[in-house]
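> turn this into a structure:
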Amino acid sequence: MISTFGLVVAVVIIALLFDFVNGFHDSANSIATVVVTRTLTPGQAVLMAGLANFVGYFAFGTAIAKTVGKGIIHIDHVTLTVVCAALVGAIAWNIITWLLGLPTSSSHALIGGLVGAGIAAAGPQVVIWGGVLTIVLFIVLAPLIGMIGSSIFTLIMFWLFRRASYTGTTKVFKYLQLVSSFWYSIGHGTNDAQKTMGVIALALFSGGLTHSFELQGWIVLSCYTAIGLGTMLGGWRIVKTMGTKITKIQAKEGFCAESAAALVLLGTAHFGIPVSTTHVIAGSIMGVGAVEQAAKVRWITARKILYAWLLTIPATAAFGAIAYLVLRPLVGK
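The predicted model follows:
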């Protein structure tokens, strides 16, 4: 059997791998519009997004990490095997959806993995259903708020620049998009890196290395580093889906979508609500397209994305449960 310390180290490594895959998988959220509009090259965009991921910690704290670590399953019932199985289930789903080019939620994949592994280990009573239902509710609310917000932004921009020439507005919005993309990337890092922080803190507590749920400095730094590196490497399959297959994106549309999405992400981060960065930006892009001309939105692609969103938590719960049943006899903890 693996020693407790060895298992904790293994879980931390797997968690950081998940965080890296999260950045790799979700980098499209941060850079799709700014790359498609040719405001930045792909290399410049991922570098900017990776660096922006670090800013969220200094500005918005760690409320989401505490929600994930203590608000999904009862901490007293969590074992290292449960945490490891949750991560394995989430990583498996991220790889599958990346291969399919589907922009699904790494956050919800992790939450589903925790729920499935927890139920397999100790039954349904281990789940804090109120916390899970809030997150499920925001599967609908987050993209809807993003869609409404980007629609309002788009209408305001149309009115403000109604007399300006196309060439002039394109140049202005390319500069504005640098700001909106940076702020969206801050929201992405604030939301997504914190979920892995919560899992690592949970693993340390479960392994007896800490006496309470603590977010130590090295946890914060390592998680932001992992997601930043993943973002810098980029997930180009999903960039294509986000930037071209939902609706046609120009600089003005990119600015409106990113601005609305950034406000939603930073607002929910303030209240400690773990939402999907993928859902928010996809909803915002749909909102921009719907305002300009509903027919411009490729609703078939939107439906496929929606189905993947709805499947994420049940699918990763199943993956997490299976991973737990496989790992439990091998690990014995």
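> any stretches of the stretch 201-333 of the chain with poor pLDDT?
Judged by pLDDT under 70, the stretch 201-333 of the chain has its weakly predicted residues at 234-249, 292-305, 332-333.
> show me the contacts for residue 143.
Residues near residue 143 by C-beta atoms under 8 Å, 6 or more residues apart in numbering: 279, 280, 282, 283, 284, 286, 309. Backbone N, C-alpha and C define where each C-beta goes, glycine included.
> please apply the same query to residue 195.
Contacts of residue 195 by C-beta under 8 Å, 6+ apart are 22, 64, 65, 68, 106, 107, 110, 111, 274.
> before we move on, back to that, farthest pair in the contacts of residue 143?
284 and 309 (14.5 Å; C-beta to C-beta).
> neighbour-wise, which of these two wins?
More neighbours surround residue 284 than the other of residue 284 and residue 309, with 34 against 22 (other C-beta atoms under 10 Å).
> which residues touch the more buried one?
For residue 284, the contacting residues are 143, 146, 147, 149, 150, 256, 257, 258, 260, 261, 264, by C-beta under 8 Å, 6+ apart.
> ok, the residues you listed vs residue 325, which is closest?
Residue 325 lies nearest to residue 143 out of the contacts of residue 284, by C-beta to C-beta, at 33.3 Å.
> sec struct for the closest one, please.
Three-state assignment for residue 143 (DSSP: H, G, I helix; E, B strand; the rest coil): helix.
> state the distance from residue 216 to residue 62.
According to C-beta to C-beta, to the nearest Å, residue 216 stands 11 Å off from residue 62.
> what residues of stretch 314-329 count as buried?
Neighbour-count burial for stretch 314-329 flags 315, 316, 317, 318, 319, 320, 321, 322, 323, 324, 327, 328 (criterion: 16 or more other C-beta atoms under 10 Å).
> no no, stretch 128-139
For stretch 128-139, burial by neighbour count (16+ other C-beta under 10 Å) applies to 128, 131, 132, 134, 135, 138, 139.
> between those residues, which sits nearest residue 97?
The nearest one, if we look at the buried residues of stretch 128-139 relative to residue 97 and count by C-beta to C-beta, is residue 139, at 15.1 Å.
> save the contacts of residue 284 as JSON lines, and put in distance to residue 99 and secondary structure too.
JSON lines is the format used below for those (distance: C-beta to C-beta, whole Å; DSSP: H, G, I helix; E, B strand; the rest coil):
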{"residue": "143", "distance to residue 99": "23", "secondary structure": "helix"}
{"residue": "146", "distance to residue 99": "26", "secondary structure": "helix"}
{"residue": "147", "distance to residue 99": "27", "secondary structure": "helix"}
{"residue": "149", "distance to residue 99": "31", "secondary structure": "helix"}
{"residue": "150", "distance to residue 99": "29", "secondary structure": "helix"}
{"residue": "256", "distance to residue 99": "31", "secondary structure": "helix"}
{"residue": "257", "distance to residue 99": "25", "secondary structure": "helix"}
{"residue": "258", "distance to residue 99": "26", "secondary structure": "helix"}
{"residue": "260", "distance to residue 99": "29", "secondary structure": "helix"}
{"residue": "261", "distance to residue 99": "25", "secondary structure": "helix"}
{"residue": "264", "distance to residue 99": "28", "secondary structure": "helix"}
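> of the residues you listed, which is the nearest to residue 203?
The closest of the contacts of residue 284, once distances to residue 203 are taken by C-beta to C-beta, is residue 264, at 29.6 Å.
> what about the closest one, neighbour count?
Residue 264, neighbours per other C-beta under 10 Å, totals 29.
> am I right that it is in contact with residue 280?
Yes. Between residue 264 and residue 280 a contact is recorded at 5.0 Å, counting by C-beta atoms under 8 Å.
> just the strands from the protein, written as ranges.
Read by DSSP state E, the chain holds no strands at all.
> how near is residue 42 to residue 288?
22 Å.
> those two - which one has more neighbours?
The residue with more neighbours, out of residue 42 and residue 288, is residue 288; 31 against 14, by other C-beta under 10 Å.
> from residue 184, how far off is the more buried one?
14 Å.
> do residue 139 as well
Distance from residue 139 to residue 184, by C-beta to C-beta: 19 Å.
> residue 310 too?
Noted for residue 310: a distance of 24 Å to residue 184, by C-beta to C-beta.
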